[in-house]
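J.: With the input below, show me the fold.
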Amino acid sequence: MGTYFHSVTLDESRCRGCTNCIKRCPTEAIRVRKSKARIINERCIDCGECIRVCPYHAKQAISDPFNLIYSFKYRVAVPAPSLYGQFKNAASRNHILTALKGMGFHRVYEVAKAAEIVSDATRKLIQEEWVNKPLISSACPAVVRLIQVRFPSLIDNIVKLESPMEVAAKIVRKEVMDSLKLSSEDIGVFFITPCAAKVTSVKAPYEKENSNVDGVLSIKDIYLKILNSLGKIKNAEDLEQAGFEGIRWANSGGESLALGTEKFLAVDGIHNVITILDEIENDRIEDVDFIEALACNGGCLGGPLTVENLYVAKTRLKKYIDQAKDKDLPQKEIDKYDDLVWTGNVEYKPVMKLDKDMVKAMKKLETLELIHKELPGLDCGACGAPSCRALAEDIVRENANETDCIFKLREKVRDLAIQMMELEKKMPPVLDKESEPTKGGIEDEC
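T.: Below is the predicted model:
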């Protein structure tokens with residue numbers, strides 16, 4: 001696997017040191033130190049929650065610049081289905097896809113089409129007796145990273161199938177190579193993304209050595225370019241291929257509805273996902289075969305790199321879903337693609353451990369618990385940590401002091417003041433300066 005890469009970054013010049021981000025981060029990956037936020041790289045899962053809640057726009061997602069597409073001889077756009085919900089005046093999907101071609105791409109391949117292929121493979125997987133149930137969708141890379149760092153016992157429940165993004169990129173690359181006799185290096189495949197986690201999964205894939213995608217462009221960054229291209233279209237090309245099941249993946253529940261089973265749960269919003277994963281880990285979820293877990297509220301339509309309001313986008317997407325109900329992908333075409341299984345393994349990332357040595361870790365845990373008991377338990381965030389327990393952990397890791405807690409600091413100042421008062425009482429009496437003779441033996445008359 002590649003070196004871990006983070007799409008989510010911090011612009012210190014914009015950060016005001018507020019505590020919005022530390023309170024919302026699902027893996028407690030952010031601290032505020034010296035009036036600036038700090039991201040703990042090992043814990044960050046690139047869910048983009050901090051981007052969403054930062055009032056000063058200090059959290060940003062790194063994606064590729066649009067000009068990167070010109071580094072390739074032949075350029076392909078693979079748009080996420082969530083792109084369709086972003087435009088008010090688009091007459092059809094064909095108009096949006098044609099607009100992408102008008103921006104400089106030679107070909108467009110819908111990720112929604114690949115989603116139908118992945119849905120078919122997942123349907124077959126659910127029927128296998130050997131799989132661990134409930135199966136957990138691997139479509140959201142932020143959720144996969146979350147499981148890696150917080151729920152290692154559920155790693156074997158993850159669906160080990162490539163995402164629609166990867167499948168789309170692999171299929172279109174091969175088609176272009178075969179039809180135009182181009183080398184793979186001449187072809188640039190670019191994913192149009194609604195979220196930061198997809199950028200991370202391309203730059204540092206967890207399921208294989210290298211991604212099939214060459215670059216990732218955020219919807220937010222190229223929105224105006226697409227809008228401008230849309231305005232120039234006179235006759236849209238017939239580029240639609242995906243059916244309604246693939247387009248529906250943009251919504252929470254879309255992937256699950258395509259599986260033909262009622263034994264599923266669809267959960268969106270990273271904090272809701274954590275609640276459900278806790279329930280699964282503690283065997284409190286019964287009679288469920290499949291869990292669709294998406295980090296963003298509302299699914300990919302609610303991604304932090306989208307432009308349109310989630311609920312407006314949902315309404316717009318419904319139009320395209322209805323229009324595509326007679327465009328089912330033929331089964332014979334789906335059956336052509338059966339090489340979807342991961343070639344790599346998702347591994348546990350023990351970033352929450354206090355020490356590699358188990359004995360030392362247990363001692364540190366005992367110290368942590370003692371420190372935590374002495375803290376006020378208000379989880380106010382004024383110390384720069386998201387909770388009192390997080391501060392206790394930081395103290396044990398020697399990344400913070402007990403007096404970072406304002407209540408502990410106040411106690412310390414109060415105790416110091418009392419000690420100074422006691423010390424003052426014990427001081428020797430001061431000589432009366434007025435009774436002292438001045439030089440020459442003459443008393444000071446002042």
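J.: all contacts plus neighbour counts: C-alpha atoms, from now on.
T.: Fine.
J.: Helices of the stretch 101-250 of the chain, start to end?
T.: Secondary structure of the stretch 101-250 of the chain (DSSP state H, counting those that start in this stretch): helices located at 111-126, 141-150, 164-180, 196-203, 219-230, 244-247.
J.: Out of these, flag the one nearest Ala236.
T.: helix 219-230 (9.5 Å; C-alpha to C-alpha).
J.: Give me the helices and strands touching the closest one, please.
T.: helix 93-102 (3 or more C-alpha pairs under 8 Å, 6 or more residues apart in numbering; DSSP states H and E).
J.: so the helix it packs on versus helix 219-230, what angle?
T.: Using axes from the mean of the first three to the mean of the last three C-alpha atoms, to 10 degrees, the inter-axis angle of helix 93-102 relative to helix 219-230 is 100 degrees.
J.: Check Glu436 and give its pLDDT.
T.: Glu436 carries a pLDDT value of 53.
J.: likewise Asp339?
T.: 81.
J.: got it, and the one 10 residues further on?
T.: With respect to pLDDT, Lys349 has a value of 84.
J.: what's the answer for Glu445, then?
T.: On pLDDT, Glu445 comes in at 47.
J.: just Glu333 next, same as before
T.: 75.
J.: Look at it and tell me its secondary structure.
T.: helix (DSSP: H, G, I helix; E, B strand; the rest coil).
J.: Pull up the gap between it and Ile233, please.
T.: 30 Å (C-alpha to C-alpha, to the nearest Å).
J.: who has more neighbours, those two?
T.: For Glu333 and Ile233, the more surrounded residue by other C-alpha atoms under 10 Å is Ile233, and the numbers stand at 14 against 9.
J.: Correct me if wrong: the more buried one contacts Lys101.
T.: No: in this structure Ile233 lies outside contact range of Lys101 using C-alpha atoms under 8 Å: 10.6 Å.
J.: Now do Val131: how many residues are near it, please.
T.: 15.
J.: scratch that, Ala266 is what I was asking about
T.: 19.
J.: Am I right that it is in a strand?
T.: Yes: according to three-state DSSP, Ala266 belongs to a strand.
J.: Point me to the helix or strand that includes the nearest residue to it once chain neighbours are set aside.
T.: Spatial nearest neighbour of Ala266, chain neighbours left out: Glu292 (4.6 Å); criterion: C-alpha to C-alpha, 6 or more residues apart in numbering. Assessed by DSSP states H and E, Glu292 sits inside strand 290-294.
J.: Can you tell me the closest non-neighbouring residue to the residue nearest in space to the middle of the chain?
T.: The centroid of the chain falls nearest to Cys47 when counting by C-alpha atoms, centre = their mean (1.2 Å). Nearest residue to Cys47 in three dimensions, chain neighbours excluded: Ala142, at 5.2 Å (C-alpha to C-alpha, 6+ apart).
J.: Let me know the distance separating Val346 from Ile155.
T.: Applying C-alpha to C-alpha to Val346 and Ile155 gives a distance of 7 Å.
J.: residues bridging contact with these two, i.e. touching both?
T.: Common neighbours of Val346 and Ile155 (criterion: C-alpha atoms under 8 Å, 6 or more residues apart in numbering): Gln148.
J.: and Leu154, what does it touch?
T.: Ile147, Glu281.
J.: and the helix or strand of the chain with the lowest mean pLDDT, what does it pack onto?
T.: Least confident helix or strand of the chain, by mean pLDDT, DSSP states H and E, is helix 331-334 with a mean of 76. If contacts are counted by 3+ C-alpha pairs under 8 Å, 6+ apart, helix 331-334 sits against helix 111-126.
J.: which parts of the helix it packs on are buried?
T.: Within helix 111-126, the residues scored as buried using 16 or more other C-alpha atoms under 10 Å are 111-123, 125-126.
J.: again with stretch 224-236
T.: Within stretch 224-236, the residues scored as buried using 16+ other C-alpha under 10 Å are Ile226, Leu227, Ser229, Leu230, Ala236.
J.: what pLDDT, on average, does it get?
T.: Averaged across stretch 224-236, the pLDDT comes to 94.
J.: tell me how far the ends of it are from each other?
T.: End-to-end distance for stretch 224-236: 19 Å, by C-alpha to C-alpha.
J.: neighbouring contacts of that stretch?
T.: For stretch 224-236, using C-alpha under 8 Å, 6+ apart, the contacting residues are Phe87, Ala90, Asn94, His95, Ile96, Thr98, Ala99, Leu100, Gly102, Met103.
J.: One more pass at 10 Å, please.
T.: 66, 86-103, 219, 223 (C-alpha atoms under 10 Å, 6 or more residues apart in numbering).
J.: Of the residues you listed, just the buried ones, PyMOL syntax please.
T.: Buried subset of these, written as a PyMOL selection, criterion 16+ other C-alpha under 10 Å:
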select buried, resi 66+86+87+90+93+94+95+96+97+98+99+100+101+102+219+223
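J.: For the helix with the most length in the chain, list every residue counted as buried.
T.: Across the chain, the helix with the greatest residue count (assigned by DSSP state H) is helix 406-425. Using 16+ other C-alpha under 10 Å as the burial criterion, the residues of helix 406-425 that qualify are Phe407.
J.: same deal with stretch 45-64?
T.: Neighbour-count burial for stretch 45-64 [16+ other C-alpha under 10 Å]: 45-54, 58-64.
J.: hmm, back to that, list the residues that contact both of Ile233 and Lys101?
T.: Joint contacts of Ile233 and Lys101 (C-alpha under 10 Å, 6+ apart) are His95.
J.: Which of the helices of the stretch 101-250 of the chain sits closest to Glu308?
T.: It's helix 219-230; of the helices of the stretch 101-250 of the chain, that one is closest to Glu308 (C-alpha to C-alpha) at 9.4 Å.
J.: who are the neighbours in contact with Asn297?
T.: Glu49, Asn251, Ser252, Val267, Asp268, Gly269, Ile270, His271, Asn272, Gly303, Pro304, Leu310.
J.: partner residues bridging the fourth one?
T.: In this structure, Val267 has beta-bridge partners Ala293, where bridges are defined by DSSP bridges.
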